[in-house]
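Enquirer: sequence plus predicted model, see below.
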Amino acid sequence: MDMETPTISTAATTEQQPPHQMREGRGSSIDSSPESSTQAAASSNAIADPGTSRPTVHIHITPIHGNAPSSTRTGIPSHPSHPTASGQMHRISIPIGAHPTPSNTTHNHTTMHRIPIPQLMPTPPLPPLLPQPLPHQRNPPDDDERHDDPSMKKFECAICFEYLTHPVGCGSCPVRFCKSCLERFVMHDLRQSSAAAMANGGNGTNNNNNVAPTARCPHCRTILHPSSIQIDTTLVEEMNSCTTTIPCPYTGCHARLTLHTLASHEKTCPHLPLKCRYEPWGCEWTGKAMELAQHESTDCPMIPLKAVIEKIRLGFWELHHVTRQHHTLIGMGHGMAIQNRQSILQSTRGERNVGNLWHVLCLGFEAACFPARFVKNKEVWGSMIANDVARALVCNQLLMLPWLGVVFRVAVVGMQFVPRLVYALLEGSDGTGADFWSVLDTVVLSLAITIMGILSLVCFYTDAKSPFEWTSYSIGNVVAGRPLMRDVSACCMAVTIFSWMEFFGSIRGFMLWHITSLMSLVYSSFVACMIEKVSEATNVLRSARALSVVVFGLRYGCLMYMCDLIPCIGAILAFRLAPVTATNKFPGIFGDKDTECFFSQVRSSHAMIGAVAYLAIIVAFMSNEYTLHPIFQIIKSVCLLVIINLQVHVAKEVGSKLAVLNCRSAVEVNSTDTIGGLDSSGAVLPTQRPSQVGATVTGTFALACALIATS
């Protein structure tokens, strides 16, 4: 059985079976609202009663990409009394009164709507195998009869030219049609219109303006709307009160009938052309209704196999019922999934705040560990990923968090050294062998790091223009339109990173620098790429204004610690003198221009003047000291800057690649997981198992936080 993705629509209607299919499935009843009648008796000579009606609630489950129905899907020809287990629309009928559904309750716009869940029904009894009427066996009235009474002309359908059945009109012209004829014509017109649009290279619409295919009245050619197709009750009353008689449409019957009695006579007419009830099983007999009993008693070759046929029909009937129950369960899954989704949205509405650090961490955890669930429930995080401002705020906090953690750790360590400083001041030593001045140096350095960190934060958050843009300031003719707050914040961060590497020493300082760079760039790039997959945005991480500040601080803070200030300036000048084509072609080596802050504004001419002055100073120093040490220091600083730039560039790329791999692994896991339910579109709900890639990244992030806290 092909698995299809269905959608559900419900409607309360009155189920009407077509009368005898004498006009390609149309009956000849003329009542505007069909009356209920008793079901046909399951006798051997009974004929299918097409006029049976029953108030029913229908649940239509329509596959989105269903295959065309096959009449021989199970190897047995399809038959009106033998429903198949496959089709383009699955219909679950719940009779009103027999199986009541929960009533809907009126809610306001803030209350979750309860969706009625369809109930499972017991297996209904197998309908009897009845003889079916032959199609296209009616004799239309001849021309002489039509001319005898011109008043009967208005009771004829303008499509099939037979007497009307449930007369309807388009609402714009007085011409009337049979309801089934007009519906069949409308469907044909819509299919032709859609096919013509597809043939012209469109997308199934009527023209290049994306207008939906429309149907037109077969007489006046006005556009038909579903609301305008209504039964003409006035004409129905005229047909019921008409006393003019017409002959029976079946050959051999000489009865003359009124329009009101025509339908009831057709059901019992002894000259009604029929097929044998076992026609789907191989019997090719056709004849009149009055000859059916003799055929079945003497001529039908299927009568000896009656018991076997009934067992086969019963098996397929139970299979069909199981299929219906299966689709009913799908409908239940849909209803429960929609209710669950509504409850989640309502419980989280107004609680997700992009300014809350805990919510940002929860967003990162959900996007990393449960990417499929993150995509399915993206409305839960809508306030945090819906626009550029919210996405930039999330990335800003993820970029700044590791650096803030190290600054806070340094401040805590400095506070712990204060009692030791007081003790060393009184006793001359802090009890561990360190004298007063060494302890004082530690306390002062931690205080300086804390102050510079606070200053960087003040500059960052004082400029409140937007999370992805800095305010430009001008200072006379010296500085014109420069984001000074960004430059000051970046310098303070570089000094902070240089100072904490000095504070913790070489090994611990390098370890914290690598942890901070990995946490800031890899994890932020990872989460930003996941947000891009959900929100369909681009350059989420690059739009965050904290990226340039953090990368500048990591790059030049480490470079200043590894080299002296003079060689560091030489490396910066050397990179500013590099050709523009080289810097654009190799951003991993020369650094991204957007993360250079005020260094990116240094012109080549200014860099050349600075380089000449710098070389003059170096040459003068070398002539006095007679050493090549400054040259080696410059080469060392240039190589270190290349390595740092490569590490920063690789960290960002690794985060993006891991996010792509995380999405791919999540799709593979969900495609093989069979314990999930169904969501509102019929797709399998995401599994509760975390993604291995995301769990690894998140675990590494948590481990790095622990290392910072215990360093």
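Expert: Perfect, I can see it now. Numbers count the residues shown, from 1 in each chain.
Enquirer: tell me the buried residues in stretch 470-490?
Expert: Within stretch 470-490, the residues that count as buried by 16 or more other CB atoms under 10 Å are 470, 482-490. In short, each C-beta sits where N, CA and C put it, glycine included.
Enquirer: any chance of those residues in CSV, plus distance to Ile338, pLDDT and secondary structure?
Expert: Converted to CSV, the buried residues of stretch 470-490 look like this (distance: CB to CB, whole Å; pLDDT from 0 to 100; DSSP: H, G, I helix; E, B strand; the rest coil):
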residue, distance to Ile338, pLDDT, secondary structure
Trp470, 44, 88, coil
Arg482, 53, 82, strand
Pro483, 48, 87, coil
Leu484, 53, 88, helix
Met485, 48, 90, helix
Arg486, 47, 89, helix
Asp487, 52, 89, helix
Val488, 52, 91, helix
Ser489, 47, 91, helix
Ala490, 49, 91, helix
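Enquirer: from these, pick the one nearest Ser535.
Expert: Trp470 (23.4 Å; CB to CB).
Enquirer: spit out the contact partners of that closest one.
Expert: 463, 483, 485-486, 545 (CB atoms under 8 Å, 6 or more residues apart in numbering).
Enquirer: excluding its backbone neighbours, what's nearest it?
Expert: Nearest residue to Trp470, sequence neighbours excluded (CB to CB, 6 or more residues apart in numbering): Pro483, at 3.5 Å.
Enquirer: just the pLDDT at His109, thanks.
Expert: Per-residue confidence (pLDDT) for His109: 39.
Enquirer: what of Ser456?
Expert: So, for Ser456, pLDDT stands at 91.
Enquirer: what does Leu235 give?
Expert: At Leu235, pLDDT is 89.
Enquirer: can you list the buried residues of stretch 470-490 in CSV and add distance to Arg555?
Expert: Shown next, in CSV, are these (distance: CB to CB, whole Å):
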residue, distance to Arg555
Trp470, 19
Arg482, 20
Pro483, 18
Leu484, 20
Met485, 19
Arg486, 15
Asp487, 14
Val488, 17
Ser489, 15
Ala490, 10
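Enquirer: quick check, nearest of those to Lys311?
Expert: Trp470 (81.7 Å).
Enquirer: quick one, phi psi at that closest one?
Expert: phi -100, psi 150 (degrees, to the nearest 10).
Enquirer: for it, give its distance to His326.
Expert: According to CB to CB, to the nearest Å, Trp470 stands 59 Å off from His326.
Enquirer: repeat that for Ala611.
Expert: 78 Å.
Enquirer: ok, Leu641 next?
Expert: Using CB to CB, one obtains 65 Å as the distance from Leu641 to His326.
Enquirer: more neighbours: which of these two?
Expert: Applying other CB atoms under 10 Å to Leu641 and His326 shows that Leu641 carries more neighbours, namely 25 against 14.
Enquirer: any low-confidence regions in the stretch 551-700 of the chain?
Expert: Residue ranges of the stretch 551-700 of the chain with pLDDT under 70: 580, 588, 623-627, 665-688.
Enquirer: in whichever strand or helix holds Ala367, what counts as buried?
Expert: Using DSSP states H and E, Ala367 sits within helix 357-369. Of all the residues in helix 357-369, those buried under the rule 16+ other CB under 10 Å are 359-361, 363-369.
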